[in-house]
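K.L.:
Okay, sequence plus prediction incoming.
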Amino acid sequence: MAGHRLAYGGLIDRSREIGFRFDELQLTGHPGDTLASALLANGVHLVGRSFKYHRPRGILTAGSAEPNALVELRTGGRREPNTRATEIELFDGLVAASQNRWPSLRHDLLQVNDVFSRFLAAGFYYKTFMWPPQAWLTYEKFIRRAAGLGSAADEPDPDRYERQNMHCDVLVIGAGPAGLAAAEAAGRAHQRVILLDEGDRPGGSLLGERLDLDGAPALDWVADLATTLAQRPETRVLTRTTAFGIYDGNLVGALERVSDHLATPAPFVPRQRFWRIRAGRIVCATGALERPLVFGDNDRPGVMLASAVRTYVNRYGVAPGRRAVVFATNDDGYRTALDLHAAGITVAAVIDARGEDGEWRARTRAAGIEVLSGHVVIRARGGRGVRSVEVAAMAGGGPVRRIACDLLAMSGGHDPALHLLSHAGAVAEYDPEIAALRPGAGARGDIRAVGAANGTFDLAAAIREAGGEAPALEAPARGRPVALWRVPGAKGKAFVDPQNDVTAGDIELAHREGYISVEHLKRYTTLGMGTDQGKLGNVNGLALMAEARGAEIGQVGTTTYRPPYVPVSIGALVGRDVGQHEAPVRRSAMHDWHQANGAVFVEAGAWLRPQYYLDAGQKDTRAAMDRAITREVVETRNGVGLVDVSTLGKIDIQGPDSAEFLNRLYTNGWKGLAVGRARYGLMLREDGLVWDDGTTSRLDENHYLMTTTTTNAGAVMSHLEYYLQLVWPDLDVKAVSVTEQWAAMALAGPKARDVLAAVVPDFDVSNEAFPFMGVRFAEVAGVPARIFRISFSGELSYEINVGADWGEVAWRAIVEAGAAHGLRPYGTEAMGIMRIEKGHVAGGELDGQTTAEDLGLGRMMSRRKDYIGLAMVDREGIEDVMRPRFVGLVPVDGTTRIRAGAHLVEDPDRPPPIPRLGHVSSSAYLSPTLGHPIALGFCKGGEKRIGDEVWALSPVHGQRVKVRLADPVFYDADGGRQRG
Amino acid sequence: MVEIERASPLGAARVPGHHGTEVARTPGLVLSERHPLSMVQVESDSDRAARVIEAVAGSIGLAPPADPGRFVGDDALAIHWIGPNRWLAVAPATRDLEGPLRAGLTGTGAAVVDLSHGRTAIRLTGRMVREVLAKGTGIDLHHGAFAPKATAQTALFHVAVLIACLDDRPAFEIHAPRGFARSLWESLGDACAEYGYRVL
């Protein structure tokens, strides 16, 4: 044997050698190796340090349950902590580093924790670091560094992660013998089948066994089935894919490691893919996890699960040791000993905790291997690796025999991997026949377990259970296992959960301190936490708790298994919803023009709207912004401005009952609105509070166009649909959202009429022909348009709607025609300032807590009809005359800005609680028209207090401003400008 | 009147040519935009639906489908079922649908609404189409569950869209709201990248 690589065998490509690095070691392995098998082939057993005591740790498993062999994989932005060396497929140039050690793996100074471990038992944080209270903040930093796992990358991850949906009739999780059989059976029945496996190829446990089926190697049987499945068009096999959670409605989350086996993913190809699978039926063929045995110093490197030992020998052609001892409570110990023997590795002894004889034992003895029945290993000896084990009689008494070895293979039985079923609600039931917990009833959805996952450990029986035809198998029947939760007479630290350094002693301590529930035990001792979630330790732990309480395992129960079964990177869950794809963006038809003309955009829901426009090449500074906004207001008020209002919700309403429908939706009346006229409307919610406002225009006899605020566009549409379909199906009305159909722009200012006349030839724009609140159809720049003479700014204003594909054409034509009149495009800031100057309510006022009376819109509540919300407006709280009412606010000093959100109070100096008069709802830091800051808000007393001085307090900003209450309409109170 | 050209919402985001993974064989997908289109929604009440179906057939030569989740017709004229007694007629912009429908449906109580400018149609063809769409939508697009002539309204990359299966190449058409069209186009391109795709 050269090194630790066996001379032949295994599923590795011996013709190629690939280099990798582990800490400072430059090593080689073969394609087909995992990082763990390659390390073992190089004689490296010590791979990590434990969480709390910094004890040397080796490789315990050959799969995803690995608690010890956790490494930081890759470097830089791709560095990933806590990856399991047992699952990492070796690639050329792989770089891995051990974790939780300082300064190096071999010489970890924090090993002193092991020496002082009696001070670090379960719950030590809670007891030790709690006094003085503020000192925890100091301790915590050191504790976090001393006890922990790997560290996350601190650079952006350069790789892609994708998220994808998949549907099937039958989802089979696990491509071991039972899973392959189940998938084949389902496919034969013409079902759409998905078969997942966490490994890089199907086969499951058979990949690690030396076994013949139907007189040929078991892997031939696997290959035949895999070929059959590959030929079925409706069967999809995904390898390197772990189902990590089952959710309601037979939804399964799975993670495919698309490129993790490569140094870097190919361009555009994701590193990982998160699959959301909706399955008609779920078959869990997840196999079983071998249970470790709890004896003294059972965490020494070189102590390994028996199944892992067989896998390293049979699958990877690696000798995990040169002289082995096998310790088991079931017949797999003998299988392991025989496999080691066949590979030329000395087996010093098989220690079987059971007393009775069986055929496996006879075969082992016949191979010349010593078997010690009714014996147990009470302690492993050795520091950074096992050098010998101490063996004693199970019954106690008698001499302790020391057997030299560098490998201890252990098997404490097998626990069905029932985690996914548990996610779906299945309870775990203890079955003494298999000395393990098996999935019981209670799973929501069409889910079942087959094979080892169901506690059916016999291979032929498992395949039959999955619906397959059992192959002929030359092997003795399995004898009955015994349960051995802890080895009697064990000396030293006996670990139950190696990842969290929880010992049998910690569980006893927790019990002595009064812990009864396994959930509390978990939190107190950290049993079952961490990256492996106690896959190996949980059953022993809860059995020990049961023992301490004198109860049955079934009575103690298990902690709840929750998704994910294995760690899943957040990046995979998020997928491509990052950066510019974080959420979809909504753009108006004039977006490109805005962008080309200096617009600075602001997000308004999904919409991007121009906030203000800078000059070409101008930097976006605070001063530049203020200048831009001021100029937009001043030039609109004195000349003409143009603003993109495409974001307003637009709803087409048709049918003979439309006016009646509007009457019921809005507080004000609609029956008298003439064709070609628009009207402002106010909507309440069912609870009588104000919800939304906007204008609705009568386009034709039975045809209206409703507009809503940008914010409520979707909600108002749903509201209309709801009432039409469910509440008033008798109304003959049809409503359709046309927000996307129309590009909308408001031309505002004293010169708006001149500009309109220039773009709408042969159209009488005079006040007489086209008065305020009039609606006309015309052609703007050659395209059909709807023109509404409505005003948000308070100026003479026309809102022009054109088909959105023509939005930019019309906009450009207006800008061009307006050039002669000094037309200035303006953004949401200038629009907001102008509406505040004008005292129009908007989002700050329509906050879902105000009534029509609060807003000074009480006169819009018709007394001659019923409408949504009316039934609730005469409630005491809504009618209360002392509710804060809509007011304008001006700083008394004429210069200090008033913050939106500030509280209005009479006397800021009185001791708290200070009675509140109301609050500031909207603020213009500077009204260019008035020359000083203004704001809108709500104040008790409202219009009766105009002229009074109160204080605006903003504790968040540490600011107080003396403000004078004013009429909320600061500008053109009689509306002459918009009507002119 | 000179017909003024209608601008696509995709603008400069649509870059013809090959994108994503370079592949030796044909790219996994081909993306294109169908624009400009005539799109008109027709809605009836249940009582008069049969009459409306007849009247639509009389005015534009194709009867709307009675079955949910289906469309009839082809690129020259298609009518999608988009809700109970609600249909969407789609044709190239060169064909006026609104005029004949408005005239033909007078007196039937049906509402006719022009939505031509409100949406654009993105077409995807090629062997990886279903994989790409499955990245953005949760509905089952398997050919057994969503065969040619199937149409559905659902979310695609968080955008409310109409998805229709045109044929078994397979070819799919997505009707995207105009405002979100560019964002959706970018997400589709991103999802196609790993398979390689060509934009027409």
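P.N.:
Received it, and whenever you're ready, just let me know what you need.

K.L.:
Tell me, how many residues neighbour A:P103?
P.N.:
8 (other Cβ atoms under 10 Å in any protein chain shown). All C-beta atoms are positioned from the backbone trio N, CA, C, and that covers glycine.

K.L.:
Check it and give its pLDDT.
P.N.:
A:P103 is assigned 70 on the pLDDT scale.

K.L.:
thinking it is in contact with A:Q111, fair?
P.N.:
No - here A:P103 lies out of contact with A:Q111, judged by Cβ atoms under 8 Å, at a distance of 11.9 Å.

K.L.:
Just grab the bridge partners of the residue of the stretch 101-250 of chain A found nearest chain B for me.
P.N.:
Residue of the stretch 101-250 of chain A nearest chain B, by Cβ to the nearest Cβ: A:H167 (4.1 Å). On the basis of DSSP bridges, A:H167 is bridged to A:R278.

K.L.:
which stretches of chain B aren't confidently modelled?
P.N.:
Applying pLDDT under 70 to chain B flags residues B:1-2.

K.L.:
Longest helix in it, by number of residues?
P.N.:
helix B:178-192 (DSSP state H).

K.L.:
what kind of secondary structure is the residue in chain A sticking out farthest from the centre in?
P.N.:
Distance from the C-alpha centroid of chain A peaks at A:E768, with 60.6 Å (Cα atoms, centre = their mean). At A:E768, secondary structure determined by DSSP: H, G, I helix; E, B strand; the rest coil is coil.

K.L.:
Work out the sheet partners of the longest strand seen in chain B and label each with its direction, please.
P.N.:
In chain B, taking DSSP state E as the definition, the longest strand is strand B:159-167. Paired neighbours of strand B:159-167 in the sheet (DSSP bridges): strand B:151-156 (antiparallel), strand B:171-177 (antiparallel).

K.L.:
Comparing those, which comes out most buried?
P.N.:
Neighbour counts (mean count of other Cβ atoms under 10 Å in any protein chain shown) averaged over each of those peak at strand B:171-177, with a mean of 23.

K.L.:
where does the residue of the stretch 251-400 of chain A found nearest chain B fall, phi/psi-wise?
P.N.:
Using Cβ to the nearest Cβ, A:F268 is the residue of the stretch 251-400 of chain A that sits closest to chain B, at 4.1 Å. With angles defined as degrees, to the nearest 10, A:F268 sits at phi 70, psi -10.

K.L.:
my guess is it contacts B:E22, does it?
P.N.:
No - applying Cβ under 8 Å as the test, A:F268 and B:E22 come out as separate, 9.4 Å apart.

K.L.:
how about the spatially most central residue of chain B, what does it touch?
P.N.:
Geometric centre of chain B, nearest residue: B:H175, 3.9 Å, by Cα atoms, centre = their mean. Contacts for B:H175 were tallied using Cβ atoms under 8 Å, 6 or more residues apart in numbering or on different chains; they are B:39, B:88, B:90, B:119-121, B:161-162, B:164.

K.L.:
Apart from its neighbours in sequence, what residue is nearest it?
P.N.:
B:L162 (4.0 Å; Cβ to Cβ, 6 or more residues apart in numbering or on different chains).

K.L.:
That neighbour: neighbouring residues, count only.
P.N.:
B:L162 has 21 neighbours, counted by other Cβ under 10 Å.

K.L.:
Repeat that for A:A41.
P.N.:
Residues near A:A41, counting by other Cβ under 10 Å: 26.

K.L.:
check contacts around the residue nearest to B:A150 when sequence neighbours are not counted.
P.N.:
Among residues not flanking B:A150 along the chain, B:C165 sits closest, at 4.8 Å (Cβ to Cβ, 6+ apart). By Cβ under 8 Å, 6+ apart, the contact list for B:C165 reads B:141, B:143, B:146-151, B:171-172.

K.L.:
if you set the cut-off to 7 Å instead, what comes out?
P.N.:
B:146-150, B:172 (Cβ atoms under 7 Å, 6 or more residues apart in numbering or on different chains).
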